[in-house]
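# let me see the structure of the following:
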Amino acid sequence: MTATKGEFFNPAKLSSRDKAEATDHTARAIIAAEASARDKKTEKLKALRLQQEADAEPKAAPAKKRRSPAKPRP
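Residues are numbered from 1 along each chain as shown. Got it, this is the predicted structure:
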């Protein structure tokens, strides 16, 4: 089985309109994929930030016991 020129190169020429449509379609697909990835990353970081803020809130510490005043030494 030998490779021929016809298998690798399209003998029919594409019009400039077809080329522009293909380029536009590809560019829009790439932009949509990047926007989706950015939104997913933003949601993940927001969830982590909210969790970190919840963990950082000061918890009600138990009241400290007061020490009795020192007794004078004789």
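# let me know the average pLDDT across the helix or strand hosting Q51.
Q51 belongs to helix 16-56 when elements are defined using DSSP states H and E. On average, the pLDDT along helix 16-56 is 95.
# report all helices and strands that that helix contacts.
The helices and strands touching helix 16-56, judged by 3 or more Cβ pairs under 8 Å, 6 or more residues apart in numbering; DSSP states H and E, number zero. (Each C-beta comes from the backbone N, C-alpha and C, glycine too.)
# all further residue positions should be reported with the first residue as 785.
Noted, 785 is the first residue going forward, which turns the last one into helix 800-840.
# of all residues in this structure, which one is nearest the centre?
In the chain, the centroid-proximal residue (Cα atoms, centre = their mean) is K825; its distance is 1.6 Å.
# any idea how far L832 is from that residue?
As judged by Cβ to Cβ, to the nearest Å, K825 and L832 stand 11 Å apart.
# repeat that for P856.
Counting by Cβ to Cβ, the gap from P856 to L832 is 57 Å.
# more neighbours, these two?
Neighbours per residue (other Cβ atoms under 10 Å) separate P856 from L832, with L832 holding more: 10 against 5.
# need the contact list for the more buried one.
Under the criterion of Cβ atoms under 8 Å, 6 or more residues apart in numbering, L832 has no neighbours.
# and it, how far is that from A806?
Distance of L832 to A806, computed by Cβ to Cβ: 40 Å.
# again, but for L834
In terms of Cβ to Cβ, L834 sits 43 Å off from A806.
# repeat for R833
Following Cβ to Cβ, the distance that separates R833 from A806 is 41 Å.
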